[in-house]
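1. need coordinates for the following:
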Amino acid sequence: IVPATGLVNHFYFYCVDDEFGPFFLKFCSYFPYNAKLCINGNHWAQRQAAKAGIGFTPLDNGFAAVEDPAALQAICDSLGPEHIEALLGKWLAILPHPFSAADHAAGYRYELSILQAEFSLTQMLDKPVAGRMFFEQVIRDNLDIGRPDQVALIFNRRLMRRGPRRTPGLFRTRVITEGITPSLHVDYKHTRIKQYHKEGKALRTETTINDTTDFSIGKRLTNLPALREIGFSANRRLLHVQRLSHDPITGAAALHTLTGALTTATGARIPPLRLAQRRTHALLQALLTFGCQINGFTNRDLRALTTELRGLPPGALTTGQITYDLRRLKSRGLITRIPHSNRYTVTDHGLHTAHFLTCVHDRLLPTGLAHLADHTGAPSLQAASRAYNTALENLSRTTLLAA
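-> Below is the predicted model of the structure:
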């Protein structure tokens, strides 16, 4: 017998099992008649949960919500080699395959080994709208996650970087975008971790083991519990070593609170603070002036100051207009009313917010927009913008996508 390459026929059977749901079996028509069984553990868990009367909302290869998380976790943990062996034995008795009854009696039979195993962790986001923003920040802050020292922590393995026993593999972090969905990829030998924003609802972390010997474990199905521990531990360790420079969801919520319309507990609508309006900018500047006044300020004080800041003639603003502005500021926690008086004080939150937004409005935006609009010089921001546009045009031409 010598090794050779040849094209042979394979026969696929796509089936639906009462316990496992959809799966497929592939048989090779040439000696030694290899076969492949592909199952989805999430489908098995969903069917077991339904039989146990546990209510849940399904997610593609996961659960979006469940009535009894502890009971569902117990179901997921119970899936073992014996269930998969029983599935194969059941369907080998039903489907035609290369081994006859005589072959089976002579001791020829299929023995399951693990070609690939995927272990996933799905974390549902309480604010799915901001989920993409959150995951993009995760990517930006963790581009070094594929470095050897980080990979060693994630997989709890000692990596040899030099010598004859050097650990094989490319230690890198890859960001791959499919459509509009980015994903973060980390490799260790033949094992890969993928993390992405799933269906706009959840953070999904998947460890796929393509060679069990990466972890000094045999390929037989009886080693599935040991692989499960490695896969799920890798998911948890990845989340442990990841970090965020800031919480983008909190920032987005704070920005929406400032700039969006609010609704009170009684159903009253509070108009938004539009940061680009001169009226709003004058209010924020006024808060910085009043911030050090122990006795606070009144409607009249705010009216006089904002009139001056906006360059309006005296008497241009009415008491009603300032009452409207006071209501907008107070509802957002920027100011608070002194009990039993008509005076207001600036809160710490209001002082910090007003200072930050005033600096952005007065320094960052005018400077950046001036650089972009100035065609006489070559400031760095404008040069970077032109370089980006040139590179994009070149890419369009080379890929025959130019308009």
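2. quick check: buried residues in stretch 112-128?
-> Using 16 or more other Cβ atoms under 10 Å as the test for burial, stretch 112-128 gives 112, 114, 117-122, 124-125. C-beta coordinates here come from the backbone N, C-alpha and C atoms, glycine included.
3. tabulate those (JSON lines), appending secondary structure.
-> As requested, these are arranged in JSON lines below (DSSP: H, G, I helix; E, B strand; the rest coil):
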{"residue": "L112", "secondary structure": "coil"}
{"residue": "I114", "secondary structure": "coil"}
{"residue": "A117", "secondary structure": "strand"}
{"residue": "E118", "secondary structure": "strand"}
{"residue": "F119", "secondary structure": "strand"}
{"residue": "S120", "secondary structure": "strand"}
{"residue": "L121", "secondary structure": "strand"}
{"residue": "T122", "secondary structure": "strand"}
{"residue": "M124", "secondary structure": "strand"}
{"residue": "L125", "secondary structure": "coil"}
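4. any regions of the protein where pLDDT drops low?
-> Residues of the chain meeting the criterion pLDDT under 70: 127-130, 161-163, 244-249, 291-292, 374-379, 381-382, 385, 388, 392, 395-403.
5. which residues in it form helices?
-> Across the chain, reading from the start of the chain, the helices by DSSP state H fall at 41-51, 69-78, 81-92, 101-105, 131-141, 148-155, 224-241, 248-259, 278-290, 299-309, 319-331, 348-359, 365-373, 380-398.
6. helix 224-241 and the first one, what's the angle between them?
-> Compare the direction of helix 41-51 with that of helix 224-241 by axes from the mean of the first three to the mean of the last three Cα atoms, to 10 degrees and you get 100 degrees.
7. domain assignment for the protein?
-> Listed domain ranges for the chain are 6-101, 113-259, 261-383 (source: automatic domain parsing).
8. let's have the buried residues of stretch 112-128 in a markdown table, adding distance to L312.
-> Listed next are the buried residues of stretch 112-128 as a markdown table, based on distance: Cβ to Cβ, whole Å:
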| residue | distance to L312 |
| --- | --- |
| L112 | 81 |
| I114 | 76 |
| A117 | 71 |
| E118 | 65 |
| F119 | 65 |
| S120 | 61 |
| L121 | 58 |
| T122 | 56 |
| M124 | 51 |
| L125 | 46 |
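9. show me the two of the residues you listed that sit farthest apart.
-> Of all pairs drawn from the buried residues of stretch 112-128, the greatest distance, 36.7 Å, lies between L112 and L125 (Cβ to Cβ).
10. one step back: now distance to G107 too, for the domains of the chain, in JSON lines please.
-> What follows is the domains of the chain, written out as JSON lines (distance: least, Cβ to Cβ, whole Å):
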{"stretch": "domain 6-101", "distance to G107": "10"}
{"stretch": "domain 113-259", "distance to G107": "18"}
{"stretch": "domain 261-383", "distance to G107": "74"}
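11. looking at these, which is nearest to A391?
-> Using Cβ to Cβ as the criterion, the shortest distance between A391 and the domains of the chain is 12.6 Å, found for domain 261-383.
12. off-centre distance for the closest one?
-> Between the mean C-alpha location of domain 261-383 and the chain-wide mean there is a distance of 35 Å, by Cα atoms, centre = their mean, to the nearest Å.
13. how about stretch 203-218?
-> Remark: stretch 203-218 is offset 21 Å from the chain centroid, using Cα atoms, centre = their mean.
14. same question for it: list its buried residues.
-> Residues of stretch 203-218 classed as buried under the neighbour-count rule (16+ other Cβ under 10 Å) are 203-207, 209, 212, 214-215, 217.
15. could you do stretch 305-324 as well?
-> Per 16+ other Cβ under 10 Å, stretch 305-324 contains these buried residues: 305-307, 309, 317, 322.
16. so which of the helices of the chain is nearest P339?
-> Taking Cβ to Cβ, helix 319-331 is the member of the helices of the chain nearest to P339, at 13.4 Å.
17. give me the packing partners of that closest one, helices and strands only.
-> strand 269-270, helix 278-290, helix 299-309, strand 335-337 (3 or more Cβ pairs under 8 Å, 6 or more residues apart in numbering; DSSP states H and E).
18. one more time with 6 Å
-> Using 3 or more Cβ pairs under 6 Å, 6 or more residues apart in numbering; DSSP states H and E as the contact definition, the elements that helix 319-331 packs against are helix 299-309.
19. how far away is the residue sitting furthest away from the middle of the chain from V186?
-> When distances are taken from the C-alpha mean of the chain, A102 lies farthest, 53.8 Å away, according to Cα atoms, centre = their mean. The spacing between A102 and V186, counted by Cβ to Cβ, to the nearest Å, is 49 Å.
20. show me what contacts G21?
-> The contact partners of G21, taken as Cβ atoms under 6 Å, 6 or more residues apart in numbering, are 43, 47.
21. repeat for F232
-> Remark: with contacts taken as Cβ under 6 Å, 6+ apart, F232 is in contact with F119.
22. gap between it and G350?
-> Relative to G350, F232 is positioned 46 Å away (Cβ to Cβ).
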